[in-house]
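Participant: Provided below are the primary sequence and the corresponding predicted coordinates.
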Amino acid sequence: AQTVTQSQPEMSVQEAETVTLSCTYDTSENNYYLFWYKQPPSRQMILVIRQEAYKQQNATENRFSVNFQKAAKSFSLKISDSQLGDTAMYFCAFMKGSGGGADGLTFGKGTHLIIQP
Amino acid sequence: DAGVIQSPRHEVTEMGQEVTLRCKPISGHNSLFWYRQTMMRGLELLIYFNNNVPIDDSGMPEDRFSAKMPNASFSTLKIQPSEPRDSAVYFCASSPERLAGDNEQFFGPGTRLTVL
């Protein structure tokens, strides 16, 4: 079974600062995918960024980037130039890579990120 | 596209009653997932379907929970009888065929269930 650990229950930074959210995982799989989801107060789950384990290059989506360290089983999310709208719960998630069809996500407990004006 | 549709958005019921949650996945998606979110346990996968067939139901808490997907555009999650500890937000998500990384799961708005 896979486990995902987010060790920071809550973080608070000033607007425009850079913040990094930590995530570690444990798996015996070699082929898998990692995700960061954002859940604002509306509770809608929104995909922020994803990383294929076989890709060495770190994924980037505008102000969001990841630091994927496969050997260390670490997958942190960096948010640059943070904005008030980034205030939300952030969940790290793991999915096995299997042939044909999708698999369920294993989530961490989440980090509540607060952007202060 | 309307996205994943869930109904009802809120449900309040009394212990012992039957509860049915409904989900309409995004058209063309062939995988459907049911998750539960609570403060204590976080987000948990309950069950998922590929091409309307249940693949993994190991996350279903107990026999009181059942899920069906009679066709590609509709799924239900039923709790009978309901208990206060079932109070949670239940999410449905759908995903397209996994080709070249098309494995993003699109979540519905969730159903907040309160069992008194």
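Facilitator: Cool, the structure landed.

Participant: stretch A:75-94 near chain B at all?
Facilitator: Yes. Residues of stretch A:75-94 contacting chain B under CB under 8 Å from any CB of the partner chain: A:Phe91. (Glycine included, C-beta is placed from N, CA and C.)

Participant: for that stretch, buried residues please.
Facilitator: A:75-79, A:82, A:86-94 (16 or more other CB atoms under 10 Å in any protein chain shown).

Participant: so the residue nearest to the spatial centre of chain A bridges to which residues?
Facilitator: Compute the mean C-alpha point of chain A, and by CA atoms, centre = their mean the closest residue is A:Trp36, 2.9 Å away. A:Trp36 has these beta-bridge partners by DSSP bridges: A:Ile49, A:Cys92.

Participant: could you find the closest non-adjacent residue to residue 7?
Facilitator: Assuming you mean chain A. The spatial neighbour of A:Ser7 that comes closest, neighbours along the chain excluded (CB to CB, 6 or more residues apart in numbering or on different chains), is A:Ser22 at 5.7 Å.

Participant: let's do chain B instead
Facilitator: The shortest distance from B:Ser7 to any non-neighbouring residue, by CB to CB, 6+ apart, is to B:Arg22 (4.8 Å).

Participant: quick check, pLDDT for that neighbour.
Facilitator: For B:Arg22, the pLDDT comes out at 98.

Participant: wait, it sits on B:Val4?
Facilitator: No. With contact defined as CB atoms under 8 Å, B:Arg22 does not reach B:Val4; the gap is 11.1 Å.

Participant: so in chain B, where's the weakest helix or strand by average pLDDT?
Facilitator: Across the helices and strands of chain B, mean confidence by mean pLDDT, DSSP states H and E is lowest for strand B:53-56: a mean of 91.

Participant: who in chain B is up against chain A?
Facilitator: Listed as neighbours of chain A in chain B under the rule CB under 8 Å from any CB: B:30-31, B:33, B:35, B:42-45, B:48, B:50-51, B:55-56, B:59, B:89, B:91, B:93, B:95, B:97-98, B:101, B:103-105, B:107, B:109-110.

Participant: and the buried ones among those, selectable in ChimeraX?
Facilitator: To isolate the buried ones among the residues of chain B next to chain A in ChimeraX, judged by 16+ other CB under 10 Å, type:
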select /B:30,31,33,35,42,43,44,45,48,50,55,59,89,91,93,95,98,103,104,105,107,109,110
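
Participant: now, the residues of chain B next to chain A that are in strands?
Facilitator: B:31, B:33, B:35, B:42-45, B:48, B:50, B:55-56, B:89, B:91, B:93, B:95, B:107 (DSSP state E).

Participant: who's in contact with the most centrally placed residue in chain B?
Facilitator: Against the mean C-alpha coordinate of chain B, by CA atoms, centre = their mean, the closest residue is B:Trp34 at 2.9 Å. Residues near B:Trp34 by CB atoms under 8 Å, 6 or more residues apart in numbering or on different chains: B:23, B:45-48, B:67, B:75, B:77, B:90-92.

Participant: ok, now A:Val66?
Facilitator: A:34, A:36, A:49, A:51, A:58-60, A:75-78.

Participant: give the buried residues for stretch B:54-65.
Facilitator: Using 16+ other CB under 10 Å as the test for burial, stretch B:54-65 gives B:55, B:59-60, B:65.

Participant: cool, thanks, talk later.
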